[in-house]
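Novice: Here is my input; please provide its structure:
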Amino acid sequence: RKGARDLITKAVEAELAMFLEQYADKTLDDGRRAVVRNGYLPERTVQTGIGDVEVKVPRVRDRSGQGAAFSSALLPPYLKRARSIEELIPWLYLKGISTGDYQEALAALLGDQAKGLSANTVSRLKKQWEDEHADWQKRDLSEPRYVYWWVDGVYSNVRMDDRLCLLVIIGVTEHGRKELVAVEDGRRESEASWTELLTGLRERGLTNAPKLAIGDGAMGFWSALS
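Specialist: Predicted structure coming up:
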């Protein structure tokens with residue numbers, strides 16, 4: 001539910017940014033912007049396939065008195081129940097969150113209201129996600145102590161290249177918490193790709209090896225592990 005709420009919040013914030021850009025050249029006599037952000041509407045609940053999700057829609061103030069008002073196409077005032085949100089994440093994965101397909105993906109969550117999501121809004125969201133992912137890939141790993149690792153190469157049809165895969169490591173800490181350790185591009189689970197990934201983890205502070213690593217018969221990881 002938190003993930004759903006964060007996704008909705010980011011999408012609506014991107015909508016708002018596009019709306020405010022439309023009025024960026026509208027100013028008052030003293031040079032201040034005429035249309036500005038003005039807090040949030042009261043929080044409300046949207047029923048989804050994974051339970052109730054609390055959402056808040058931003059509101060704007062038109063200081064010129066011309067009546068400009070922000071209305072989210074993704075969270076219209078009458079939306080009380082969303083379609084099954086479990087369908088959203090697989091669609092985002094399978095569709096690769098591409099600009100052209102994102103409206104179709106969000107339709108699994110919000111129905112026809114997703115048609116109001118522009119390509120520019122999607123591009124803005126993608127840039128934000130890319131920055132967040134880049135920060136995640138650089139995070140400090142000196143603190144975690146992993147007891148177990150599960151590793152695998154995951155192939156998909158997002159890109160038409162049968163050699164490209166995602167190298168995935170899931171770890172369990174000494175406190176029993178399961179965490180995603182790494183997700184990076186690789187080439188056919190090769191030793192070189194796994195070595196680059198593992199070396200990167202070590203350079204970010206992960207100097208304590210797991211007690212047990214679990215994987216399939218692809219030899220690239222096993223050759224790189226030492």
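
Novice: What residues does Ala24 make contact with?
Specialist: Applying C-beta atoms under 8 Å, 6 or more residues apart in numbering, we find Ala24 in contact with Arg33. Quick note: C-beta positions are derived from backbone N, CA and C, even for glycine.

Novice: How about the secondary structure of it?
Specialist: Using DSSP: H, G, I helix; E, B strand; the rest coil, the structure places Ala24 in coil.

Novice: quick one: the helices in this structure?
Specialist: 2-22, 88-95, 102-110, 119-137, 191-203, 219-225 (DSSP state H).

Novice: and the angle for the fourth one with helix 2-22?
Specialist: For helix 119-137 against helix 2-22, the angle by axes from the mean of the first three to the mean of the last three C-alpha atoms, to 10 degrees is 130 degrees.

Novice: Buried deepest among the helices of the chain, which one?
Specialist: Most buried of the helices of the chain by mean neighbour count (mean count of other C-beta atoms under 10 Å) is helix 102-110; its value is a mean of 21.

Novice: ranking the helices of the chain by mean pLDDT, which is last?
Specialist: Across the helices of the chain, helix 88-95 has the smallest mean pLDDT, namely a mean of 51.

Novice: Let me have the helices of the chain in JSON lines, adding distance to Gly39 as columns.
Specialist: What follows is the helices of the chain, written out as JSON lines (distance: least, C-beta to C-beta, whole Å):
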{"stretch": "helix 2-22", "distance to Gly39": "12"}
{"stretch": "helix 88-95", "distance to Gly39": "28"}
{"stretch": "helix 102-110", "distance to Gly39": "23"}
{"stretch": "helix 119-137", "distance to Gly39": "21"}
{"stretch": "helix 191-203", "distance to Gly39": "42"}
{"stretch": "helix 219-225", "distance to Gly39": "51"}
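
Novice: among the ones you listed, which is nearest Pro58?
Specialist: Of all these, helix 2-22 sits nearest to Pro58, with 4.9 Å by C-beta to C-beta.

Novice: Give the other helices and strands that the closest one contacts.
Specialist: Packing partners of helix 2-22 (3 or more C-beta pairs under 8 Å, 6 or more residues apart in numbering; DSSP states H and E): strand 35-40, strand 51-55, strand 58-62, helix 119-137.

Novice: ok, now with 7 Å
Specialist: strand 51-55, helix 119-137 (3 or more C-beta pairs under 7 Å, 6 or more residues apart in numbering; DSSP states H and E).
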